[in-house]
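Undergrad: could you work out the structure for the sequence below:
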Amino acid sequence: MTAEARLGESEQNSATSEIVVSGEIWGGSEASRLPDAALAVALAAVGLLDLWVNVDNSTHYGPDVLTAGVVVIATLALAWRRRYPFPSLCVVAAAIAAPELVGTLTFTLWGHFLPLLVATYSAARWCGHRLAWAGAAIVGVAIAVVLTRVPATGGVGNIPFAAVPVAAVMVTGRVLRRRHSRAVELAAHARSLEVDRAADVAAALAEERSRIARELHDVVAHCVSVMVVQAGAAEALLASSPDQARKPLDEVQRTGQQAISELTRMLGLLRGTPHDPRDIDARFEPQPGVTQIPDLVERIAAAGLDVQLATDGTSRPLPPGTDLTAYRVVQESLTNTLKHAGPHASARVGMRYLPHTVEVEVTDTGNPHAEADHGDQIGRPGHGLIGMAERVSVFGGSFEAGRRPDGGFQVHVTLPAEET
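TA: Below you'll find the predicted structure:
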């Protein structure tokens, strides 16, 4: 449905059945009643003053009392000019033209012609296409009646002079309506894009949470397996070498603490996430970590990307979840570089071990001819960046990604990793 239709384009079986969106009937709303009523009262006062003082030097015909009644009806009908624009125009036109068919009454500028112009504009502004032009035809008939029945108006020879202001307000109303229709359409489109974007991000986060949960499950399963093996070894050593049994028991304690930490994170991810039958797709090979990053760099280099790996500080074993996250960040970043920057770009992977954290930084030189860089073509972050940010936040780390001032892209991640 177009914005014109939403604003009231569709007339139904009757000429007064045009409905628009947002709870508004025709073009007006509850808030428009008071200003329209004030305008109607002001025009009525001006019209009556003009009739009595004869500001526009009109020639008087018939009883002034009847003319005053016409002025009151024609002006007060404008109180509903936005809420019921077409009926309001019909009342104004009928109040002005109908008495002239019976007898001759005074026709004034301020009490008759000005309300007719306001009603014409209102119908053009707030009615659909067909009703607006039907209203213009009714106004034309009313003007023709006045010009042929009231001698002081100059007769049919003055029709062009009367038609010019009517055409002007008609065109003005239609132009403003079209602009408003366009604004409504653009606003609706913007809301739709925002809803789609929110749904897109939510779907990406849900998918990444599911993937992280599967990986954390493997990490926890690994920790439990290590605990079982170490506990069995400790049990075997208790009888013969109690002192040597302490080492596997310490390992059980450390591994158990890691398992509890990983399990807590996993349960947090799974909260509110429906079960996906595809999670049954188990992977038996060990989860990768930072020790596999050199192999990853070699594979990416074999694909055609010039990539270098640099390590600062003394490498050390990382907690399983942190180890896996660091690997995934490098993997996703290099994949994005190869995908968006192209094989002619170059990349650098930096690993920096600090006493309490480990930093991972992946930079590339970028491709100035690429249409998009690590995101889609309308500036939204790609799912890879969303997934990396979500993964890092699970472990309490910080994630930064963006374009470099000198060109290219940079991903910088800091993960907690206490020395043991």
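Undergrad: least trustworthy helix or strand in this protein by mean pLDDT?
TA: Between all helices and strands in the chain, the lowest mean by mean pLDDT, DSSP states H and E belongs to helix 3-4, at a mean of 42.
Undergrad: would you map the helices across the stretch 1-150 of the chain?
TA: For the stretch 1-150 of the chain, the helices defined by DSSP state H, counting those that start in this stretch cover 3-4, 33-53, 64-76, 85-102, 114-126, 129-149.
Undergrad: what would those look like in CSV with distance to I293?
TA: The C-beta positions use only the backbone N, C-alpha and C, and glycine is treated the same way. Converted to CSV, these look like this (distance: least, CB to CB, whole Å):
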stretch, distance to I293
helix 3-4, 54
helix 33-53, 69
helix 64-76, 82
helix 85-102, 70
helix 114-126, 66
helix 129-149, 66
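Undergrad: nearest to T365 among the ones you listed would be which one?
TA: Proximity to T365, assessed across those by CB to CB, is greatest for helix 3-4 (45.8 Å).
Undergrad: the lengthiest helix in the chain vs helix 129-149, what angle?
TA: With residue count as the measure and DSSP state H as the assignment, the chain has helix 159-240 as its longest helix. Put simply, helix 159-240 runs at 160 degrees to helix 129-149, going by axes from the mean of the first three to the mean of the last three CA atoms, to 10 degrees.
Undergrad: could you list the low-pLDDT ranges of the stretch 301-420 of the chain?
TA: Counting by pLDDT under 70, the stretch 301-420 of the chain shows low-confidence ranges at 302-304, 342-343, 368-383, 420.
Undergrad: hang on, the earlier thing: who are the packing partners of the longest helix of the chain?
TA: For helix 159-240, the packing partners by 3 or more CB pairs under 8 Å, 6 or more residues apart in numbering; DSSP states H and E come out as helix 3-4, helix 114-126, helix 129-149, helix 246-270, helix 320-336, helix 383-394.
Undergrad: how far away is the most far-flung residue of the chain relative to its centre from R246?
TA: Farthest-out residue of the chain from its mean C-alpha position, per CA atoms, centre = their mean: S240, at 70.4 Å. Using CB to CB, to the nearest Å, we find S240 at a distance of 14 Å from R246.
Undergrad: out of the helices and strands packed on helix 159-240, which one sits most buried?
TA: Looking across the helices and strands packed on helix 159-240 with neighbours counted as mean count of other CB atoms under 10 Å, the highest average goes to helix 114-126: a mean of 26.
Undergrad: run the chain-centre distance for that helix.
TA: Using CA atoms, centre = their mean, to the nearest Å, we find the averaged C-alpha position of helix 114-126 to lie 35 Å away from the chain's own average C-alpha position.
Undergrad: report the angle between that helix and helix 159-240.
TA: Using the same axes, to 10 degrees, one finds that helix 114-126 and helix 159-240 are set 30 degrees apart in direction.
Undergrad: show the average pLDDT along helix 114-126.
TA: Computed over helix 114-126, the mean pLDDT rounds to 94.
Undergrad: please renumber so the chain begins at 450
TA: Sure, I'll start counting at 450 from here, so that last one is helix 563-575.
Undergrad: show me the protein divided up by domain.
TA: Split into domains by automatic domain parsing, the chain comes to 452-602, 651-729, 739-865.
Undergrad: quick check: V673 vs G815, distance?
TA: Per CB to CB, V673 is found 44 Å from G815.
Undergrad: neighbour count for the two, which is higher?
TA: Neighbours of V673 and G815, each counted by other CB atoms under 10 Å, are more numerous for G815; the result is 23 against 14.
Undergrad: count residues in the vicinity of the nearest residue to that one once chain neighbours are set aside, would you?
TA: Of all residues not flanking G815 in the chain, G857 sits nearest, at 3.5 Å (CB to CB, 6 or more residues apart in numbering). The criterion is other CB under 10 Å. On that basis, G857 has 21 neighbouring residues.
Undergrad: and A611, by the same measure?
TA: Other residues within reach of A611 by the criterion other CB under 10 Å amount to 20.
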